[in-house]
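S.K.: Quick one: sequence and predicted model below, then my questions.
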Amino acid sequence: MVAAPPQARRVWTPAKTLEGLDALLEEWGDRLNPILIKETRQVLKGRQFLSTFLIMLAVAWLMSLVGISRYGGDLQFREAGPEFFRYYYWLLMFTLYVVVPLGVFRSVTEEFVEKTFETLAVTPMSAGMIVRGKLQSAGVQMAAYASVLTPFLCFTYMLRGIGLVEILLLLGILLVVAWGLSFSGMMLASLAKKSGWEVFNMILLLGTSFIAMMTTAPIALAAQQGSGLPGLIAGGICAGVFFLFVALLSLGVATAQLSPTLAPVPRYGYQRSLPRGPNSVADSSTGNPAIQSDSSLSDPF
């Protein structure tokens with residue numbers, strides 16, 4: 001008898017690990033929402049995202065230089081973290097409360113103007129999938145904008161005067177409220193199918209963003225002044241519950257408004273408009289009049 005050859009030992013190489021990781025990411029990417037991929041590509045290729053990203057970075061850097069020059073040599077002996085945090089927080093608040101919801105609003109209204117929603121009727125995507133894809137794209141934008149100020153927020157923690165828990169809670173409140181405003185922008189855009197309503201709903205969205213900014217600012221100010229962590233947690237829970245209700249309501253309204261737009265065309269709907277008469281020929285399979293005979297179309301041969 002011939003002995004079986006020993007099995008080859010599996011040798012680990014970095015190339016195999018990269019191949020497995022690439023296959024895993026490719027499989028995970030195929031499961032993503034197609035609208036999410038489409039909207040994210042459009043946003044990343046557009047000038048608005050790049051300009052907003054660079055402006056945020058430049059303004060935050062300028063704020064840091066002005067604050068450091070203002071304190072001078074006393075910076076290491078004073079608790080300057082809350083003041084620096086306030087500047088960065090307002091910058092991030094304006095971006096997430098105004099730029100991102102307006103981007104969602106314009107994304108939906110452009111679909112109405114270009115009449116691209118009708119082309120989606122032949123696809124298996126539902127109105128809910130389209131709405132969720134656009135909102136997920138807004139979440140990607142918020143994460144990208146928040147990543148700009150992450151080093152600066154860590155810088156405020158090193159300056160003392162504000163704790164890491166307060167920073168994380170205030171950042172969480174900011175993201176939750178911004179997410180609710182993005183849902184509101186989606187709802188208002190789905191209701192603005194005419195140009196007049198588009199302008200009115202955009203003004204209404206800007207007013208809602210301004211009210212949200214004026215509501216969130218006192219919570220951040222109370223945290224900076226050391227009013228207590230329980231009050232901050234209570235304010236965050238109240239804001240989260242309220243904007244969760246707004247988000248669910250906006251999602252339902254937007255899905256209901258876009259569902260008629262994406263209603264599929266009946267397969268034999270065109271046959272019903274044909275006249276019935278002695279010259280009409282019935283379809284042998286369905287019994288519906290499918291072809292109308294015409295003497296001018298008869299074969300001359």
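M.R.: Okay, I see it.
S.K.: residue ranges with poor pLDDT in the stretch 201-301 of the chain?
M.R.: 219-236, 239, 260-301 (pLDDT under 70).
S.K.: any idea where the strands of the stretch 151-300 of the chain begin and end?
M.R.: Using DSSP state E, counting those that start in this stretch, the strands of the stretch 151-300 of the chain run over residues 280-282, 289-292.
S.K.: Figure out the helix or strand that the residue lying closest to Gln141 once chain neighbours are set aside lives in.
M.R.: Among residues not flanking Gln141 along the chain, Val100 sits closest, at 5.3 Å (CB to CB, 6 or more residues apart in numbering). Any C-beta I mention is one placed from the backbone N, CA and C, and that applies to glycine too. If you go by DSSP states H and E, Val100 is part of helix 100-114.
S.K.: quick one: Val140 and Ile37, what's the gap?
M.R.: 10 Å (CB to CB, to the nearest Å).
S.K.: Show me which positions of stretch 165-173 end up buried.
M.R.: Residues of stretch 165-173 classed as buried by neighbour count (16 or more other CB atoms under 10 Å): 166-167, 169-171, 173.
S.K.: nearest to Leu21, of those residues?
M.R.: Leu171 (29.7 Å; CB to CB).
S.K.: was I right about the closest one contacting Tyr145?
M.R.: No - assessed by CB atoms under 8 Å, Leu171 is found out of contact with Tyr145, at 11.7 Å.
S.K.: which regions of the stretch 1-150 of the chain sit below the pLDDT cut-off?
M.R.: 1-18, 25, 29-30, 73, 75-77, 117-118, 120-122.
S.K.: Could you report the separation of Glu123 from Leu135?
M.R.: If you look again at residue 123, you'll see it is Thr, not Glu. 19 Å.
S.K.: Next: Pro151.
M.R.: 27 Å.
S.K.: Look at these two and report which has more neighbours.
M.R.: Leu135 (23 against 11; other CB atoms under 10 Å).
S.K.: Buried residues of the one helix or strand that one maps to, list them for me.
M.R.: Using DSSP H and E, Leu135 sits in helix 127-158. Neighbour counts over helix 127-158 (16+ other CB under 10 Å) mark 127-138, 141-142, 144-146, 148-149, 152-153, 155-157 as buried.
S.K.: Could you list every helix and strand that it packs against?
M.R.: helix 34-45, helix 47-71, helix 81-94, helix 100-114, helix 164-191, helix 229-258 (3 or more CB pairs under 8 Å, 6 or more residues apart in numbering; DSSP states H and E).
S.K.: Out of these, which gets nearest to Met213?
M.R.: Closest approach to Met213 among those is made by helix 81-94 (5.9 Å; CB to CB).
S.K.: Check which helices and strands that closest one is in contact with.
M.R.: When contacts are defined as 3+ CB pairs under 8 Å, 6+ apart, helix 81-94 packs onto helix 47-71, helix 127-158, helix 164-191, helix 195-224.
S.K.: between the first one and helix 34-45, what angle do the directions make?
M.R.: For the pair helix 47-71 and helix 34-45, the angle between their directions (axes from the mean of the first three to the mean of the last three CA atoms, to 10 degrees) equals 60 degrees.
S.K.: and the angle from helix 47-71 to helix 100-114?
M.R.: Using the same axes, to 10 degrees, helix 47-71 lies at 160 degrees relative to helix 100-114.
S.K.: Show me the contact partners of helix 47-71.
M.R.: 43, 75, 78, 80, 83-84, 87-88, 91-92, 95, 99, 103, 141, 144-145, 148-149, 152, 155 (CB atoms under 8 Å, 6 or more residues apart in numbering).
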